[in-house]
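Asks: need a structure here:
(one chain, ligands or ions: 1)
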Amino acid sequence: MSIYDAVIIGAGHNGLACAAHLGKRGWRVGVFEGAEQPGGAVKTLELTAPGFRHDFGAMNLNLFAGSAFHKAYAADLAAHGLQFVPVGDCFASVFPDGRWLGVSTDPAATQARIRAFSARDAETWERLLADFPARAPHLFALLGSPMKKRAIARIFFSVFRAGGFSGLLELTRFLLSSSRAWLDETFESDEIKALLGAWGMHIDFAPDIAGGAIFPYLEGMANQSFGMVLGKGGADTMIKALAAMVEATGGRIECGTPVARIVTEAGRASGVELADGRRIEARRAVIGSVAPRALNTLLPAGSGDSGFDARMRDFRHAPGTMMIHLALDDLPDWPDAALRRFAYVHLAPSLDRMAAAYAQAVAGLLPSEPVIVVGQPTAIDPGRAPEGKHVLWMQVRMAPAEIRGDAAGAIEARDWENAKEAFADRAIGIAERYVPGLKQKIIARRVFGPLDLEREDPNLVGGDQVCGSHHLAQNFIFRPAPGYADWHTPVRNFHLTGAATWPGAGVGAGSGYMLARQLAGG
Ligand SMILES: Cc1cc2nc3c(=O)[nH]c(=O)nc-3n(C[C@H](O)[C@H](O)[C@H](O)COP(=O)(O)OP(=O)(O)OC[C@H]3O[C@@H](n4cnc5c(N)ncnc54)[C@H](O)[C@@H]3O)c2cc1C
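Replies: Below is the predicted model:
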């Protein structure tokens, strides 16, 4: 039997960051991954045609580049090959009449674009940007701290010290606001509201969901202030560097080895049993980077706390995503060639359209007009495709895991295997309205419906790319369940990490790193 200090279930970036830090603190760590390669939602693969490298899931590595983990280990990661490519033209939205708005790192360029829609909004943008350095530390502290009483009290006290009681009220109100509420009271132009509101759709914050305002705000301000980064050659540069770091500390990563069960003795986790029957012993910790509902099978006799077990079983997932990967002869012919430089172009022309797509998906309907995020990684990092060619990363938001109908009344199929190509045609048809001729440029395409995403990574339950709704009742101190936001579980020595736990989805490695520090210090 193999013996480790810690056994980690799942080699997503959180599991690997956790393993790397524990390894650095002298722990002997074994990571067991069900898929044939590490990375989870962060993989770069030739999905369409030879020489075309597509980011299967995450493409934007801003959260990792700005993370506390990266700050602590930038030199190690660089030594193990991590390379970023900076993006100056970060995100844009194009509208049906061909006009567009985009955020580039040059504030004057962004402001001039906003001014073309509203002089008042251009001034507002300047003011928000000027205020950002004072506000950002509080927000980043909140998103980067363990959800423990003392840490929360410290953050709120520092807000109080900086802005008094009114500052505290203002922050609390902002955190509770929906995107639409904040955008409506901040801007007058519907286009700038749509430009920023689209960021909520990257998570599960349709415009009217309470707690969504922080995402458009932070993405707008952070991209404007710091730009965006992609991984050089693909987002998997991050995973390769993390995996190499784990191995350099003596850790072991085994792929193609799903964990079938957590072994417990007298309420304490003592190891895991792999699907191939092997038993692996963990002296100090078993760490599960899994979707909460997986505990039904990993802990067949339950955790010993029926309330916790019910919470894990009933953990809410967000609507799914469909991914379309295209190999292209050339970038799309946007109404303005400047849009060919942008990392993301959102086809999300209004808050109402976003709200409708979300409501339809939640009702089980294929949205008639889904929101589409068009990623153009080869505009920034051309080496991912053969000379002169491109890849397109198209995220279709939202898509129901179970299809009950089609909001457009055109797709008959009620199973994803039969519906996905038709739904992908709908998405490409929408894109064609903005970029006529797109279809002629397609060399090859590969579509992942919500259930395909889950098949590739079981944490993407029903294609939920954020591994669990981030609505207020399941975020902050409630993630993944009230009383368990600090990654512990009722089973001694068994901890949870990953996107389902605080601080949630994205490639910020927050939960893996904070848990590792909690366990091993440093
Ligand atoms: C399509 C898509 C686009 C995205 N775009 C972005 C983006 O641009 N930027 C961004 O910041 N975030 C993005 N995200 C979100 C982000 O990728 C995820 O939130 C993040 O990668 C989750 O990391 P993780 O380590 O928590 O888990 P995961 O990456 O989900 O990894 C979990 C791993 O655990 C393994 N596993 C699960 N159960 C078992 C078991 N029983 N035994 C063994 N192994 C197991 C899985 O196979 C998987 O490899 C995107 C996600 C998707 C799906």
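
Asks: which helices and strands does the lengthiest helix in the chain pack with?
Replies: Scanning the chain for the helix with the most residues, using DSSP state H, yields helix 149-176. Counting contacts by 3 or more CB pairs under 8 Å, 6 or more residues apart in numbering; DSSP states H and E, helix 149-176 packs against helix 119-143, helix 214-226. C-beta here means a position set from N, CA and C on the backbone, and glycine is covered the same way.

Asks: tell me which element residue 273 falls in.
Replies: Using DSSP states H and E, the secondary-structure element containing residue 273 is strand 268-274.

Asks: nope, residue 426 is what I was after
Replies: Short version, using DSSP H and E: residue 426 is in helix 416-434.

Asks: near the ligand at all, that helix?
Replies: No. Helix 416-434 stays clear of the ligand (CB under 6 Å from any ligand atom), getting no nearer than 13.7 Å.

Asks: kindly report the residues of this protein close to the ligand.
Replies: Close to the ligand, as judged by CB under 6 Å from any ligand atom, the chain has residues 9-15, 32-35, 40-42, 57-60, 63, 258-259, 289-290, 294, 321, 323, 395, 453, 457-460, 465-467, 498-499, 505-507.

Asks: now these: which count as buried?
Replies: By neighbour count, with 16 or more other CB atoms under 10 Å, these hold 9-15, 32-35, 40-42, 57-60, 63, 259, 289-290, 294, 321, 323, 395, 453, 457-460, 465-467, 498-499, 505-507 as buried.

Asks: highest average neighbour count across the helices and strands packed on helix 149-176?
Replies: Highest mean neighbour count among the helices and strands packed on helix 149-176 (mean count of other CB atoms under 10 Å): helix 214-226, with a mean of 20.

Asks: what is whichever helix or strand comes after it packed up against?
Replies: Using DSSP H and E, the helix or strand that directly follows helix 214-226 along the chain is strand 228-231. The contact analysis (3+ CB pairs under 8 Å, 6+ apart) places strand 228-231 against helix 62-65, strand 84-87.

Asks: list of residues touching the first one?
Replies: Helix 62-65 is touched from outside by 13, 70, 84, 222-223, 226, 228-229, 238, 506-509, with contacts defined as CB atoms under 8 Å, 6 or more residues apart in numbering.

Asks: and that helix, average pLDDT?
Replies: Helix 62-65 comes out with an average pLDDT of 98.

Asks: now do the last one
Replies: For strand 84-87, the mean per-residue pLDDT is 98.

Asks: give the burial count for residue 522, as a bare number.
Replies: The tally of other residues near residue 522 (other CB atoms under 10 Å) stands at 12.

Asks: just the pLDDT for the closest residue in space to it that isn't next to it in sequence.
Replies: Leaving aside its sequence neighbours, residue 522 sits nearest to residue 25 (CB to CB, 6 or more residues apart in numbering; 5.4 Å). Each residue has a pLDDT score; the one for residue 25 is 98.

Asks: so what's residue 25 up against?
Replies: 516, 520, 521, 522.

Asks: ok, it to the ligand distance?
Replies: Per CB to the nearest ligand atom, to the nearest Å, residue 25 is found 20 Å from the ligand.

Asks: now swap in residue 383 and tell me
Replies: 19 Å.

Asks: ditto for residue 390
Replies: For residue 390, the distance to the ligand - CB to the nearest ligand atom - is 18 Å.

Asks: isn't that residue right up against residue 331?
Replies: Yes. Using CB atoms under 8 Å, residue 390 makes contact with residue 331 at a distance of 5.2 Å.

Asks: need the overlap of contacts for the two.
Replies: By CB under 8 Å, 6+ apart, the residues touching both residue 390 and residue 331 are 376, 378, 379.

Asks: scan those and report the most crowded one.
Replies: residue 376 (25 neighbours).

Asks: give me phi/psi at that one?
Replies: Phi and psi for residue 376, reported as degrees, to the nearest 10, are phi -120, psi 60.

Asks: I'd say it and residue 392 touch.
Replies: Yes. The criterion here is CB under 8 Å, and residue 376 meets it with residue 392 at 6.6 Å.

Asks: now the common contact residues for these two.
Replies: With CB under 8 Å, 6+ apart, residue 376 and residue 392 have common neighbours 331, 332.

Asks: ok, the closest residue to residue 105 other than its chain neighbours to the ligand distance?
Replies: Sequence neighbours aside, residue 227 is the residue nearest to residue 105 in space, at 4.4 Å (criterion: CB to CB, 6+ apart). Distance of residue 227 to the ligand, given as CB to the nearest ligand atom: 15 Å.

Asks: try residue 324
Replies: Residue 324 is 11 Å from the ligand, by CB to the nearest ligand atom.

Asks: and the helix or strand that residue falls within, what does it pack against?
Replies: Residue 324 is located in strand 320-328, with elements delineated by DSSP H and E. Secondary-structure packing of strand 320-328 (3+ CB pairs under 8 Å, 6+ apart): strand 390-399, helix 416-434, strand 442-448, helix 450-456.

Asks: so what strands line up beside that strand?
Replies: strand 390-399 (antiparallel), strand 442-448 (antiparallel) (DSSP bridges).

Asks: what angle sits between the first one and helix 416-434?
Replies: Orientation check (axes from the mean of the first three to the mean of the last three CA atoms, to 10 degrees): strand 390-399 against helix 416-434 gives 110 degrees.

Asks: in strand 390-399, which residues are buried?
Replies: 390, 391, 392, 393, 394, 395, 396, 397, 398, 399.

Asks: residue ranges with poor pLDDT in the chain?
Replies: 1 (pLDDT under 70).

Asks: how about 90 then?
Replies: 1-2, 149-151, 156 (pLDDT under 90).

Asks: show me the protein divided up by domain.
Replies: Split into domains by automatic domain parsing, the chain comes to 2-43+61-83+234-315+467-520, 110-221, 319-456.
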